[in-house]
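Student: give me the fold of what follows.
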Amino acid sequence: MTARKAAALVLGLSVCRSTLAGGALKPGDAIPMGDVKMENVDGRKLSITDIAGKAGTLVIFTCNHCPFAQAWESRIAAIGNDSAKQGVGVVLVNANDPVAYPVDDLAHMKERAKTAHFEVPYVVDETSDVAKAFGATRTPEAFLFDAAGRLVYHGAIDDDAYRPDQVKQRYLQNAISALLAGKDVAVKETNSVGCSIKFRNQQEAAK
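Tutor: Prediction:
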């Protein structure tokens, strides 16, 4: 691990926690607030229903500033871009309050989408209501739904944010592979590891 990554990890751990949100959606739950339109980095207004794929739908709550989101960013891009080509609708959602973290505003999202090579929508949850409906509390936090819109996986991207070469459990990728193969997802829930979502209109101090 480089000194820069080590420093980021210390910072991340000081403001971030691991949690399996008690209020989060459970396996089998339907997509909430699927028709709510959110602004994409390309200016379009999109809902989760709009991007839903024939094979399933992947919603990842993420942001720009969080060290954990940054550490997983290239993997989120790779998984999202590849899944979209295989019939899974993918959307990345930023529910953070840009007043609390200006780098999470739309202008910076547009820049980040380019540098991270996101080929999937990266949208603004401008009220944080979509995140709250999902019970999402962390960035990043993944929710994978099947073709019928029922949750089959919720949790972390994998088991090692800062050391991709030492990942042993590729939770999200494994769930997507099972979904595409028509198989049951073996691991349906894992701890979401990341920064707390800075819900809009609350401007809570980092936890």
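
Student: max-length helix in this protein?
Tutor: helix 67-85 (DSSP state H).

Student: and that one, what's buried?
Tutor: 67-73, 75-77, 79-80, 83-84 (16 or more other C-beta atoms under 10 Å). Quick note: C-beta positions are derived from backbone N, CA and C, even for glycine.

Student: pLDDT score for the spatially most central residue of the chain?
Tutor: Relative to the mean C-alpha position of the chain, the nearest C-alpha, by C-alpha atoms, centre = their mean, is the one of residue 60, at 2.2 Å. For residue 60, the pLDDT comes out at 98.

Student: surely it is in a strand?
Tutor: Yes: remark: residue 60 belongs to a strand, assigned using DSSP: H, G, I helix; E, B strand; the rest coil.

Student: is it in contact with residue 144, as I believe?
Tutor: No: if you go by C-beta atoms under 8 Å, residue 60 and residue 144 don't touch, sitting 9.2 Å apart.

Student: could you tell me the end-to-end distance of stretch 102-118?
Tutor: Counting by C-alpha to C-alpha, to the nearest Å, you get 21 Å between the two ends of stretch 102-118.

Student: and that stretch, how far from the chain's centre?
Tutor: 14 Å (C-alpha atoms, centre = their mean, to the nearest Å).

Student: same check on stretch 114-132?
Tutor: Stretch 114-132 has its C-alpha centroid displaced from the chain centroid by 8 Å (C-alpha atoms, centre = their mean).

Student: stretch 48-67 now?
Tutor: On C-alpha atoms, centre = their mean, the centre of stretch 48-67 falls 6 Å from that of its chain.

Student: what's the spacing between residue 69 and residue 101?
Tutor: Relative to residue 101, residue 69 is positioned 11 Å away (C-beta to C-beta, to the nearest Å).

Student: please enumerate the shared neighbours of these two.
Tutor: residue 63 (C-beta atoms under 8 Å, 6 or more residues apart in numbering).
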